[in-house]
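K.L.:
I would like to see how this sequence folds:
(chains A and B)
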Number of protein chains: 2
Amino acid sequence: MDISTYINKLGHQAKAANSLVANTSAEERNGAIRSVAEVIQNQSQKILAANKEDLSKAKQNQLDSALLDRLTLTEKLIVSMASGLTEITKLPDPIGIVEPPKLRPSGIRIGHMRVPIGVIGIIYESRPNVTADAAGLCIKSGNVVILRGGSESFYSNQAIGQCISDGLRKASFPDNAVQLIATSHRDAVGSLLRMDHYLDLIIPRGGKQLIHRVSKESQIPVLKHLDGICHVYVDISADQKKALKIVDNSKTQRFGTCNTMETLLVHTDCADEFLPKIAKIFHEKNVELRVDKKGKAILPESFVANEKDWVTEYLGPILSIKIVDSASEAIKHINKFGSHHTDSIVTEDKKTADNFLKEVDSSSVMVNASTRFADGFEYGLGAEIGISTDKLHARGPVGLEGLTSLKWIVLGDGHVRQ
Amino acid sequence: MDISTYINKLGHQAKAANSLVANTSAEERNGAIRSVAEVIQNQSQKILAANKEDLSKAKQNQLDSALLDRLTLTEKLIVSMASGLTEITKLPDPIGIVEPPKLRPSGIRIGHMRVPIGVIGIIYESRPNVTADAAGLCIKSGNVVILRGGSESFYSNQAIGQCISDGLRKASFPDNAVQLIATSHRDAVGSLLRMDHYLDLIIPRGGKQLIHRVSKESQIPVLKHLDGICHVYVDISADQKKALKIVDNSKTQRFGTCNTMETLLVHTDCADEFLPKIAKIFHEKNVELRVDKKGKAILPESFVANEKDWVTEYLGPILSIKIVDSASEAIKHINKFGSHHTDSIVTEDKKTADNFLKEVDSSSVMVNASTRFADGFEYGLGAEIGISTDKLHARGPVGLEGLTSLKWIVLGDGHVRQ
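P.N.:
Sure thing, here's the model as predicted:
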């Protein structure tokens, strides 16, 4: 079977499973997820063996240590993969009527029902635990999913995929609810992106290159997670103690995440006082600073930033710093150079804070808080399928609700339109 | 200037206007819309003269009478265009904080702010009043819009566009908030669809061909309004009087709209009684009936439907009829052959109704009501930019809220992540 025929077959099977899954009860869906968690737990040795194959291939291909790190599974990680699934079963069921229908002047009553989106394609890289997470979230929300993992974690994904199929079958759940593409051929992605007759949504998770390819090629709506060029702006009226804590935490609590601060903006009137203090902290934590001209005068030992720095997601211990003349210059910089992900202001001035909240065009806008809070769990979503940098449908951390759609329900008693 | 350079210039200007418009107050936006309404009212003769040019071109090109009808403006229609704008100013402002932020265990408070989407492109055909409607809705919701009307209404649109520009300028509102593409060259659409660096959303309104082209070519998210193959299913437990009223109204209240019924499904056990009665009504109203085999036995004078009929949007006085053995067969037929737009069941059985509501995968699902109710005004949205057949973002009638996005706001007091 050629690749396009194979992918088409998966699409056809997914569509067929769609209505079966949409008609399951919340209890059946939770039971299926619990069953998958059990099989994953029981088959941990098989998964670890498959992961070893991926790791030895990765070492042969000289993948860098960050990638190897993300790829590596351990007994502990498998336990947490299984317990993550169990946690999903404890979340409230997202499906059903939203609130009592409202009476309209015509006599009909109008309401909203939250329903699954349908068939979702998820294309992801490296971390094999996404296979289990994504499957769990899609089942929970009554969706059907086709998963396409990265080639570097091919064997691990296949092993986890096998556990998912076994788990679903054991629970007498439609086993085509979750299908994993069993080839790492690049053409499989192209075929998937053309199946707008079967798929309702594509979610890409991975590097810029992947996201750009998917956005460009997809004929299916895409919910994308692009880069996080996040800012903290320290205002003239900032409490310096809070500012030090927030700026430090936004950069160093974890370097490699999308909600990590990549550019620090400081008001010119507090830069003399603030920059040396924060530079000392960063120096101790081995964070390289790249400052603009004005900053160089205050921190003469730092590197000089160029235009490219303002649009770079370092994902590592590097920070660019720019001194601005006003909150409004900071907002302009963020809207121009940022990635509309997460940006925070440190200020004690309510009006300045309100302006910042209103004018910064990002999925999460914060006042006196670390950018690292931009996260589905921290926001109370209970789980996260990704952080959307799109403006439509779901913006910022996407939980179960982002995997659903609202349909209108209309209740009459023989009503007709005049 | 070549077309791509010209469209790019519009995009650049739109983006620049975006932050200006986002920072206007609700009162400024309403003032701008009122000013546009006034200019349209005052310039009605100019608009009518331009419309005459379109009409004479249309007659030369032998456009059909339905198209000519949609294209024709009258003094009365211009008054209603202006008053439609005034109505928009009376709608509540959709922008701002949604509800008081909620406290999380970490100490931060999390909320949602409803914000404009940004820069929207609207591509539409025939009806010139869309130019004014769309401009009004976009201004009201704080968005910036680039409009591209159909070539057949080119002069009318340009005249209305000129009124919009004049109105905005008189109100000292950023006049690039609404830009009308001043060429009917086909390449302009292609250039627009590639400007994902300037545009956040494309809304196509028009025939299937247009929608397909836009979905295929666009690198910008699309909110589309495809065809309406709407069904009414008359269940075994239907109240026959209600059924007659609803089926009649769903088909004949207006033939050419997307929420008009195109296929009638009738339970086999009530078909003998129901079909002759409804056929009599349709016969008097000159509606052609195309029935399946079983229906032919009951209505021997009707045409026989073929497979193509189940997927045809007639937009005229033709109706296909199929007899089904159960509610679940009706649901299967609707999900397979329908367009996920609007479908209604007539039944007195609550369980059957609930199943129908749950299982029919359409943007509007109705019980004992005419499909013709699927409309922004009837649903209480106050206005409508279109009816989305997409599942993401906005589904069904799209009002002002569909032109907005939710961003997260996070309020802390020096909070950092542990």
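K.L.:
which residues of the stretch 101-250 of chain A fall in strands?
P.N.:
Here the stretch 101-250 of chain A has its strands, by DSSP state E, counting those that start in this stretch, at A:102-103, A:109-116, A:119-124, A:144-148, A:178-180, A:201-205, A:230-234.
K.L.:
quick one: which of those is nearest residue A:82?
P.N.:
strand A:178-180 (15.4 Å; Cβ to Cβ). Every residue, glycine included, has its C-beta placed from N, CA and C.
K.L.:
The closest one: how far from the chain's middle?
P.N.:
Strand A:178-180 has its C-alpha centroid displaced from the chain centroid by 20 Å (Cα atoms, centre = their mean, to the nearest Å).
K.L.:
Quick check: can you name the pairing partners of it and their directions?
P.N.:
Paired strands of strand A:178-180, with direction, are strand A:144-148 (parallel) (DSSP bridges).
K.L.:
In the partner strand, which residues are buried?
P.N.:
For strand A:144-148, burial by neighbour count (16 or more other Cβ atoms under 10 Å in any protein chain shown) applies to A:144, A:145, A:146, A:147, A:148.
K.L.:
any idea which of those is closest to residue B:301?
P.N.:
residue A:144 (44.5 Å).
K.L.:
mind checking pLDDT for that closest one?
P.N.:
pLDDT, residue A:144: 98.
K.L.:
Check whether stretch A:326-339 comes near chain B.
P.N.:
Yes: using Cβ under 8 Å from any Cβ of the partner chain, stretch A:326-339 comes into contact with chain B via residue A:335.
K.L.:
so of the strands of the stretch 101-250 of chain A, which one's packed in deepest?
P.N.:
strand A:230-234 (a mean of 28; mean count of other Cβ atoms under 10 Å in any protein chain shown).
K.L.:
before we move on, the earlier item: just put the buried residues of strand A:144-148 in TSV and tack on distance to residue A:355.
P.N.:
Shown next, in TSV, are the buried residues of strand A:144-148 (distance: Cβ to Cβ, whole Å):
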residue	distance to residue A:355
A:144	44
A:145	41
A:146	44
A:147	43
A:148	43
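K.L.:
Tell me how far residue A:376 lies from residue A:136.
P.N.:
According to Cβ to Cβ, to the nearest Å, residue A:376 stands 13 Å off from residue A:136.
K.L.:
Those two: which has the busier surroundings?
P.N.:
Higher neighbour count among residue A:376 and residue A:136: residue A:136, with 29 against 19, using other Cβ atoms under 10 Å in any protein chain shown.
K.L.:
Tell me if I'm right that the more buried one and residue A:84 touch.
P.N.:
Yes: under the criterion of Cβ atoms under 8 Å, residue A:136 makes contact with residue A:84 at 7.1 Å.
K.L.:
Select the longest helix from chain A.
P.N.:
helix A:3-22 (DSSP state H).
K.L.:
How much space separates residue A:176 from chain B?
P.N.:
For residue A:176, the distance to chain B (Cβ to the nearest Cβ, to the nearest Å) stands at 17 Å.
K.L.:
Surely that residue is in contact with residue A:146?
P.N.:
No: applying Cβ under 8 Å, one finds residue A:176 not in contact with residue A:146, separated by 9.4 Å.
K.L.:
Now the common contact residues for these two.
P.N.:
Shared contacts of residue A:176 and residue A:146, defined by Cβ atoms under 8 Å, 6 or more residues apart in numbering or on different chains, are found at residue A:14.
K.L.:
Does chain B have contacts with stretch A:262-279?
P.N.:
No: Stretch A:262-279 stays clear of chain B (Cβ under 8 Å from any Cβ), getting no nearer than 13.7 Å.
K.L.:
residues of that stretch that come out buried?
P.N.:
Neighbour-count burial for stretch A:262-279 flags A:262, A:263, A:264, A:265, A:266, A:267, A:270, A:271, A:274, A:275, A:278, A:279 (criterion: 16+ other Cβ under 10 Å).
K.L.:
Now, those residues that are in strands?
P.N.:
Of those, the ones assigned to strands by DSSP state E are A:262, A:263, A:264, A:265, A:266, A:267.
K.L.:
Does the first one touch residue A:231 like I think?
P.N.:
Yes: if you go by Cβ under 8 Å, residue A:262 and residue A:231 touch, sitting 7.5 Å apart.
K.L.:
In a strand, residue A:100, correct?
P.N.:
No: using DSSP: H, G, I helix; E, B strand; the rest coil, the assignment for residue A:100 is coil, not a strand.
K.L.:
residue contacts, it?
P.N.:
By Cβ under 8 Å, 6+ apart, the contact list for residue A:100 reads residue A:111.
K.L.:
Relative to residue B:324, how far out is it?
P.N.:
31 Å.
K.L.:
got it, and residue A:8?
P.N.:
Taking Cβ to Cβ, one finds residue A:8 at 29 Å from residue B:324.
K.L.:
Between the two, tell me which one has more neighbours.
P.N.:
When residue A:8 and residue B:324 are compared for neighbours, residue B:324 comes out ahead with 21 against 18, by other Cβ under 10 Å.
K.L.:
quick one: that one and residue B:233 touch, right?
P.N.:
Yes: using Cβ under 8 Å, residue B:324 is in contact with residue B:233, at 7.5 Å.
K.L.:
tell me, what's touching these two both at once?
P.N.:
Applying Cβ under 8 Å, 6+ apart, one finds that residue B:324 and residue B:233 are jointly contacted by B:265, B:266, B:267, B:330.
K.L.:
which among the residues you listed gets closest to residue B:211?
P.N.:
Among the shared contacts of residue B:324 and residue B:233, residue B:265 lies closest to residue B:211 (Cβ to Cβ), at 26.0 Å.
K.L.:
That closest one against residue B:332, yeah?
P.N.:
No: using Cβ under 8 Å, residue B:265 is not in contact with residue B:332, being 10.4 Å away.
K.L.:
Secondary structure element for residue A:357, which one?
P.N.:
helix A:350-359 (DSSP states H and E).
K.L.:
just checking, next helix/strand downstream of that helix?
P.N.:
Helix A:350-359 is succeeded, C-terminally, by strand A:364-369 (DSSP H and E).
K.L.:
Let me know the next secondary structure element after that following strand.
P.N.:
Once strand A:364-369 ends, the next helix or strand along the chain (criterion: DSSP H and E) is strand A:386-388.
K.L.:
chain center to that next one, what's the gap?
P.N.:
Relative to its parent chain, strand A:386-388 has a centroid offset of 3 Å by Cα atoms, centre = their mean.
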